[in-house]
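Engineer: quick one: sequence plus predicted model below, questions after.
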Amino acid sequence: MRDNSSNHMQIGVKAAKKAARLPGLGQFANGETFKGTVIITLFTFSLALLVLRLGSSAPGVHASLIALLAVLPPVIWGISIYDAYRVAIEQRKRDAKRFSVQIMTTLRGHDLSNNTFEEVTMTRNISRLGACLALSRSMHKDSPVSLEFEGREKVRGRVVWARQTGNAREYLVGMELLAPLNQVE
């Protein structure tokens with residue numbers, strides 16, 4: 001079985017970069033709108049308090065309060081980045097969980113010789129985000145494909161990897177689906 005940890009990390013880094021731009025954006029990217037709203041609100045409120053306290057010339061403003069208020073926005077920002085990274089990886093792992101099922105699949109694409117083909121084959125395993133198919137030909141990485149799983153609507157995808165199985169006439173080809181499957185049976 002292939003190790004997808006680097007792929008999961010890339011998804012996490014993408015969400016973390018959004019959170020690095022503005023606290024809460026990573027949460028929105030992960031589909032966590034309530035959490036994103038709370039983080040943006042807390043960050044904005046803590047920043048506003050800091051600006052108000054720094055602008056205040058009141059004699060009762062303690063240095064420790066200003067120090068606390070100065071630390072709060074970066075802490076919220078850091079938590080937002082870490083949370084966006086962690087949640088994105090968890091979601092990707094959950095969505096990428098493979099099921100070893102054989103489903104008749106029609107695949108359309110281009111082979112290594114750049115010839116257009118259509119092949120009816122079986123899946124080796126499938127997830128909401130991808131499938132592994134046994135084919136009679138190999139394909140280039142990143143080649144666009146069209147898949148139709150046993151009477152379902154067509155889905156678009158791309159080749160992520162391809163390798164020979166040891167049988168000279170059989171290749172395993174890993175596909176990433178461009179839109180997640182709603183239901184894996």
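Structural biologist: Great, that's in hand.
Engineer: quick one: R158 is in a helix?
Structural biologist: No - counting by DSSP: H, G, I helix; E, B strand; the rest coil, R158 falls outside a helix, being strand.
Engineer: would K141 count as being in a strand?
Structural biologist: No - counting by three-state DSSP, K141 is not found in a strand; it is coil.
Engineer: per-residue pLDDT, it?
Structural biologist: We have a pLDDT of 90 for K141.
Engineer: can you check V184 too?
Structural biologist: For V184, the model assigns a pLDDT of 44.
Engineer: what do you get for T41?
Structural biologist: Reading off the model, T41 has pLDDT 95.
Engineer: restrict the helix or strand that contains it to CA atoms and write it as CSV.
Structural biologist: Counting by DSSP states H and E, the element that carries T41 is helix 33-55. What follows is helix 33-55, C-alpha atoms only, in CSV (Å, rounded to 0.1, in the frame of the first residue of the first chain):
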residue,chain,number,x,y,z
THR,A,33,-17.5,28.3,9.1
PHE,A,34,-18.5,28.6,12.7
LYS,A,35,-14.9,27.9,14.0
GLY,A,36,-13.6,30.4,11.3
THR,A,37,-16.0,33.1,12.4
VAL,A,38,-15.1,32.6,16.1
ILE,A,39,-11.4,32.8,15.3
ILE,A,40,-11.8,36.0,13.2
THR,A,41,-14.0,37.5,15.9
LEU,A,42,-11.5,36.7,18.7
PHE,A,43,-8.5,37.9,16.7
THR,A,44,-10.2,41.2,15.7
PHE,A,45,-11.5,41.8,19.3
SER,A,46,-8.0,41.1,20.9
LEU,A,47,-6.3,43.4,18.3
ALA,A,48,-8.9,46.1,18.9
LEU,A,49,-8.4,45.9,22.7
LEU,A,50,-4.6,46.1,22.2
VAL,A,51,-4.9,49.2,20.0
LEU,A,52,-7.3,50.9,22.5
ARG,A,53,-5.1,50.2,25.5
LEU,A,54,-2.0,51.4,23.7
GLY,A,55,-3.8,54.5,22.6
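Engineer: for it, packing partners?
Structural biologist: The contact analysis (3 or more CB pairs under 8 Å, 6 or more residues apart in numbering; DSSP states H and E) places helix 33-55 against helix 25-29, helix 63-95. Placement of C-beta: from N, CA and C, glycine included.
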